[in-house]
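[1] Build me a model from this:
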Amino acid sequence: MEGTNNKTRIILILAIILLAIILGLGFYGYFKVLSTDLIYEGVKVDQYDLSYMSKEEAFNFIKDKKEEEISRKHMRLIYLDKEYNYGLKELGFYFDYGKAIDRAYGVGREGNLFNRLKEIVRIKRDGVEISLDSNLNMEKIDHIVENISQDIDKEPKDAEFHFNGGNIQVTEEIIGKTVDKDKLRQMMYDNIHSLDIIQIPVEDIIPKITKSLLSRINGIIGEYSTSFKGSSQNRIENIRLSANAIKGKILMPGESMSFNETTGPRAKKYGYKEANVIIAGEFTPDVGGGVCQTSTTLYNALLLADIAILERSPHSIPAKYVKFGQDAAVAFGFLDLKFRNDFDFPIYFDSKVLGDRVYFYVYGDRKSKDYTIKIEPEIVETIPAKEEIVLDKTLEPGSKVLVQQGRTGYRVNTYKSIIKNGKTISKDLITKDFYRPRNFIYRVGEEPSTTTSTDTDSGLNNLIEDDESENIIEDGDIEN
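    This next block holds a predicted model:
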């Protein structure tokens, strides 16, 4: 019995020693695992197994695999017959290898001893996969988008109107193209993994002036001419120069035009000559004389074309080349002729100086403007010039000397009638003009016995004050 007990004790001791050895070896093994600098078994990055690799080995391994993969991939972009292919490297594509390896190495290295051991065992059994993050160098994308845009973009070109002696020709417009660069950038960014074929987003730029629009200029809708017979060569040159500045202009629907801005300042450096202008109600030589006849002729052509007049002024002295109420004075910086095209078609201006006349023609759509205009001025009041007498002791008694030439004044209403199919469908008052009268002023020799409160100095001063109220320079009439 005693022998049996001894044998049992020996077996028990051996078992305890064996268990101690096994436990010791186990703890030794696990503690060795916990202190390793290798990635634990079962850890993958993007499907590649990195078990028992150092961080450096894992980095180089993943990079070699993925860089070879990147070099084989391209992004394809297409627009019509143009095709662009870019490798992922050209697009600035890259993987964040360092971040992925750091995450792989960190698996099983967080928490206390028992949690770590538990996690290491789970990873060995079930495995874990770390995603490999990627990104793009947007500066490279921007550069590529700019290059594509420069290759595809095309400036639009308006249709052109050519007028040669009444022969009208219109060229086709050219539709412009522009790459939607923001949209293309986003499409490339979103497509970096799927690498589908990209249809480059391109927008059409429709020119403002098209052939169909310009083709509506098909005939004269208003014309007028005036005579400059008896004018000096300088005055004729000013008329020719200012008329040529208007010639060839196109006014699109809704657009406005200023006569002064179009013809420019009346200065010698622009070719204008010295001729009579109106200063303080008197004809005086100055640069630009005669331009008012150009503006007046244009004004009447505009009226007959039924163009909206925005600004117009009468002369201080009635013009001799048109009826009262139909003149249009201009003075650069002061008086202007402005107008606007309220039609839904463009209008074109032609002019010529031929013989002793200046002509203006307004072209437009004769099918739309299927009526005629009649302009009728009416003198509603005639104001005779009065006489003023200034006694002058320096003159012989009874003598009479003209100091200021008088002129008759007028009030004029001007009407515009619209006539269609021979019938007047409307008649409207368009302007009310006042041409001021001016008194005759005479110096009269004073009789020795005559006494008066009016003397020479005070009478002349009144004359000067009256003239200063008309001190705008009007660009010329002639007193024919």
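[2] quick check: domain ranges of the chain?
    8-35, 38-136, 138-213, 217-380+414-435 (automatic domain parsing).
[3] Comparing the ones you listed, which stretch has the densest surroundings?
    Stretch with highest mean neighbour count among the domains of the chain: domain 217-380+414-435 (a mean of 18; mean count of other C-beta atoms under 10 Å). Using the backbone N, CA and C atoms, a C-beta is placed for each residue, glycine as well.
[4] secondary structure element for I373?
    In this assignment (DSSP states H and E), I373 forms part of strand 372-383.
[5] after that strand, next one along is what?
    Defined by DSSP H and E, the subsequent element after strand 372-383 is strand 387-392.
[6] where does the chain dip in pLDDT?
    Counting by pLDDT under 70, the low-confidence segments of the chain come to 1-5, 14-15, 17-33, 275-287, 448-480.
[7] Show me the residue at the heart of it, geometrically.
    K208 (11.2 Å; C-alpha atoms, centre = their mean).
[8] Do I have it right that that residue meets D158?
    Yes: K208 lies in contact with D158 (C-beta atoms under 8 Å); the separation is 6.4 Å.
[9] will you turn the domains of the chain into JSON lines that also has distance to E387?
    Conversion of the domains of the chain to JSON lines gives the following (distance: least, C-beta to C-beta, whole Å):
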{"stretch": "domain 8-35", "distance to E387": "128"}
{"stretch": "domain 38-136", "distance to E387": "86"}
{"stretch": "domain 138-213", "distance to E387": "54"}
{"stretch": "domain 217-380+414-435", "distance to E387": "17"}
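[10] residues touching K208, list them.
    Residues counted as contacts of K208 (C-beta atoms under 8 Å, 6 or more residues apart in numbering) are D158, M252.
[11] how far away is it from P253?
    Applying C-beta to C-beta, to the nearest Å, the value for K208 to P253 is 10 Å.
[12] got any residues that touch both of these two?
    By C-beta under 8 Å, 6+ apart, no residue touches both K208 and P253.
[13] residue boundaries of the strands in the stretch 251-400 of the chain?
    Here the stretch 251-400 of the chain has its strands, by DSSP state E, counting those that start in this stretch, at 256-258, 274-279, 282-287, 308-311, 338-340, 347-354, 357-364, 372-383, 387-392, 400-404.
[14] Of all the ones you listed, which one is nearest P437?
    The closest of the strands of the stretch 251-400 of the chain to P437 is strand 372-383. By C-beta to C-beta, the value is 4.4 Å.
[15] hmm, who's touching the closest one?
    Counting by C-beta under 8 Å, 6+ apart, 222, 300, 303-306, 323-326, 408-420, 424, 437 sit against strand 372-383.
[16] circling back to that earlier point, now do the SS call for the residue nearest to the centre of the chain.
    coil (DSSP: H, G, I helix; E, B strand; the rest coil).
[17] ok, back up a step: D180 is nearest to which of the strands of the stretch 251-400 of the chain?
    strand 256-258 (34.1 Å).
[18] mind listing what that closest one pairs with, with the direction of each?
    The pairing partners recorded for strand 256-258 under DSSP bridges are strand 338-340 (antiparallel).
[19] and the strand it pairs with, how far out from the chain's middle?
    Mean-position distance between strand 338-340 and its chain equals 21 Å (C-alpha atoms, centre = their mean, to the nearest Å).
[20] Show me what it is in contact with.
    254-259, 302, 307-312.
[21] now, the most widely separated pair of those residues?
    G254 and R312 (19.8 Å).
[22] Leaving out the residues flanking it, which one is nearest to D204?
    I175 (5.3 Å; C-beta to C-beta, 6 or more residues apart in numbering).
[23] is it true that that neighbour touches I205?
    Yes: here I175 reaches I205: they are 6.7 Å apart, a contact under C-beta under 8 Å.
[24] which residues do these two both contact?
    What both I175 and I205 touch, as defined by C-beta under 8 Å, 6+ apart, is the set P156.
[25] which stretches of the stretch 101-250 of the chain form strands?
    Using DSSP E, counting those that start in this stretch, strands in the stretch 101-250 of the chain cover 128-130, 134-136, 161-164, 167-170, 176-179, 198-199, 202-205, 219-227, 250-251.
[26] Outside of the third one itself, which residues are in contact with it?
    Outside of strand 161-164, the residues that reach it under the criterion C-beta under 8 Å, 6+ apart are I168, Q169, V170, T171, L214, I217, G248, I250, P346, Y348, D350, Y363.
[27] How are the helices of the chain distributed by residue range?
    All helices of the chain, identified by DSSP state H, fall at 2-34, 55-71, 97-106, 113-126, 138-152, 181-190, 211-214, 233-246, 259-263, 291-305, 456-468.
[28] Packing partners of the third one?
    Helix 97-106 is packed against strand 43-45, helix 55-71, strand 128-130, with contacts defined by 3 or more C-beta pairs under 8 Å, 6 or more residues apart in numbering; DSSP states H and E.
[29] From Q233, how far off is S51?
    Distance from S51 to Q233, by C-beta to C-beta: 105 Å.
[30] Kindly report the same for L136.
    As judged by C-beta to C-beta, L136 and Q233 stand 74 Å apart.
[31] can you check N413 too?
    For N413 relative to Q233 (C-beta to C-beta), the value is 37 Å.
[32] my guess is G111 contacts L34, does it?
    No: the pair G111 / L34 is not scored as a contact, 11.2 Å apart, by C-beta under 8 Å.
[33] Report the contact partners of K416.
    L303, I373, K374, I375, E376, K427, D428, I430.
[34] Kindly provide the distance from P314 to N85.
    72 Å.
[35] one step back: which ones are touching the residue nearest to D204?
    I175 neighbours (C-beta under 8 Å, 6+ apart): P156, D204, I205, I206, P207.
[36] Show me which pair in those is furthest apart.
    D204 and P207, at 10.1 Å, using C-beta to C-beta across those.
[37] okay, and the common contacts of these two?
    Common neighbours of D204 and P207 (C-beta under 8 Å, 6+ apart) are I175, G176.
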